[in-house]
Structures are given as structure tokens and as C-alpha cells.
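Asks: this is the structure alone, sequence omitted:
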């Protein structure tokens with residue numbers, strides 16, 4: 001089933017454990033979209049990062065930065081088939097601001113700024129938000145060993161970073177969905193489809209934030 005939308009690059013974002021990849025895969029399967037998934041398993045520093053070995057914080061963030069850049073930069077966006085991604089490139093900066101010391105962040109920002117100019121931004125972002133309690137349950141449920149000890153304060157800080165970011169951007173529309181634990185995936189997919197196709201059919205310019 002084709003998705004009739006003018007948006008060729010659709011990005012899904014949100015906190016750790018919010019369901020970005022599941023939603024991206026579902027949209028891609030239902031609407032015959034190309035899909036771009038974040039490659040986090042290749043990061044050799046991730047386990048040390050979650051063990052709170054601060055010596056590897058910069059290594060972790062720079063590795064993710066380069067991985068995301070290479071994926072977004074060289075992924076060929078089809079003119080006829082939209083792409084759905086389970087992250088935005090700007091995510092690198094948001095997590096770096098949360099995880100790095102001031103000196104390390106200064107170096108990161110210099111590298112990030114030069115790469116940022118070379119990548120394509122999403123045409124529309126779907127931002128998923130859930131309570132910290134639900135996020136922690138989801139993290140425990142999926143069982144990635146290195147994530148199991150993520151503290152609620154860390155998730156709160158990440159959510160704060162995302163909220164500030166999405167309240168400030170103006171380069172594309174943002175659809176914000178505040179979800180609860182019982183939210184059915186099918187309901188969310190239909191809501192997204194309706195918004196995207198209504199915009200395509202009527203030529204409406206969406207407001208920067210859409211509340212679900």
C-alpha cells in the first residue's frame with residue numbers, strides 16, 4: 001500500500017525505549033517505504049559508556065556521529081518512494097550535550113558542525129514521547145544487558161533535551177505523539193497516515209507541532 005505524501009524523508013524520534021524502530025519498521029512494511037535504521041550494535045565503546053566509564057564518552061559520541069553521517073549522507077533518497085528513518089542526525093548533538101564534559105563537547109561541536117552542512121534534513125519528524133516509567137519498563141522488556149541500569153534521571157535529561165530541541169526547530173513540521181503504555185501501534189500508524197495524506201491532498205502547511 002503506497003503512502004500518498006509529499007514528504008520523501010520521514011524521521012521518527014524520541015527517547016530510549018519509546019518504540020522508534022518498531023514504528024519505523026511498521027510504516028515501512030505497511031506503506032512500502034524504504035527504511036533507514038540506526039546501527040548501534042557496531043559501536044565498540046557503548047558497553048563501557050553504559051558502565052559509566054567516562055573515558056569513553058567522547059569515543060562513544062564520535063563513533064555514533066560518524067556512523068549516522070555516513071548513513072544519512074550516502075543513503076539514496078528515492079524520488080518515488082519515501083524513506084522512513086528511526087533517528088535524526090541532530091540526535092548526535094543532543095546526546096553529546098547530555099553526556100560530554102565542556103572540553104569534549106567543544107571538540108565534538110566543531111566536528112558536528114562541519115558534517116551537519118553536508119546531510120539532508122528530514123522533510124517531517126514524528127516525535128514519540130512516553131513517561132519515564134513506561135520507558136524503563138520497555139527497556140527492561142527488550143533486555144539489552146548494557147541498558148538495564150539506565151537511571152530515570154538520565155531518561156528525564158534526554159527527554160528534556162528533545163523537548164527543547166523540538167520546541168525550537170523550524171526547518172520542518174514535527175508531529176508530536178504523547179503515548180501511554182496501552183497505546184496500540186495500529187492506532188498510531190493510522191493517525192500518522194491520516195495527517196500525512198491530508199497534508200498531501202489539501203496542500204496544507206502543517207504547524208510546527210502536532211499534538212496527538
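Replies: Arrived safely, thanks for sending. None of the values given here were measured: they were computed from a predicted structure. Numbers count the residues shown, from 1 in each chain.

Asks: okay, now the unreliable bits of this protein?
Replies: 76-80, 181-183, 199-212 (pLDDT under 70).

Asks: for it, what spans make up the helices?
Replies: 20-31, 46-50, 57-74, 91-99, 102-116, 132-142, 152-166, 185-202 (DSSP state H).

Asks: chain center to the third one: distance?
Replies: Centroid separation for helix 57-74 versus its chain: 14 Å, with C-alpha atoms, centre = their mean, to the nearest Å.

Asks: what do you get for the fourth one?
Replies: Between the centre of helix 91-99 and the centre of its chain there are 12 Å (C-alpha atoms, centre = their mean).

Asks: packing partners of that helix?
Replies: Helix 91-99 sits against helix 57-74, helix 102-116, helix 152-166, with contacts defined as 3 or more C-beta pairs under 8 Å, 6 or more residues apart in numbering; DSSP states H and E. C-beta here means a position set from N, CA and C on the backbone, and glycine is covered the same way.

Asks: make CSV out of the helices of the chain and add distance to residue 172 and mean neighbour count.
Replies: Putting these into CSV (distance: least, C-beta to C-beta, whole Å; neighbours: other C-beta atoms under 10 Å) gives the following:
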stretch, distance to residue 172, mean neighbour count
helix 20-31, 17, 19
helix 46-50, 29, 17
helix 57-74, 14, 18
helix 91-99, 15, 19
helix 102-116, 15, 14
helix 132-142, 25, 16
helix 152-166, 11, 16
helix 185-202, 12, 15
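
Asks: of all those, which one is nearest residue 8?
Replies: Among those, the nearest to residue 8 by C-beta to C-beta is helix 185-202 (11.4 Å).

Asks: other SSEs contacting that closest one?
Replies: Counting by 3+ C-beta pairs under 8 Å, 6+ apart, helix 185-202 packs on helix 20-31, strand 174-178.

Asks: thinking again about what came up before, could you dump the helices and strands packed on helix 91-99 into TSV and include distance to residue 180?
Replies: Converted to TSV, those look like this (distance: least, C-beta to C-beta, whole Å):
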stretch	distance to residue 180
helix 57-74	29
helix 102-116	34
helix 152-166	15
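
Asks: right, and the helices of the chain - which one's nearest residue 176?
Replies: Evaluated over the helices of the chain, closeness to residue 176 peaks at helix 152-166, with 6.8 Å, by C-beta to C-beta.

Asks: now that closest one and strand 174-178, what's the angle there?
Replies: Relative orientation of helix 152-166 versus strand 174-178 (axes from the mean of the first three to the mean of the last three C-alpha atoms, to 10 degrees): 150 degrees.

Asks: related to what we said a few turns ago, just tell me which of the helices and strands packed on helix 185-202 ends up closest to residue 108.
Replies: The nearest among those, by C-beta to C-beta, is helix 20-31 at 22.5 Å.

Asks: and the angle for that closest one with strand 174-178?
Replies: Using the same axes, to 10 degrees: helix 20-31 against strand 174-178 is 110 degrees.

Asks: report the contact partners of residue 140.
Replies: Going by C-beta atoms under 8 Å, 6 or more residues apart in numbering, residue 140 touches residue 148.

Asks: against residue 185, how distant is it?
Replies: Note on residue 140: its distance to residue 185, by C-beta to C-beta, to the nearest Å, is 19 Å.
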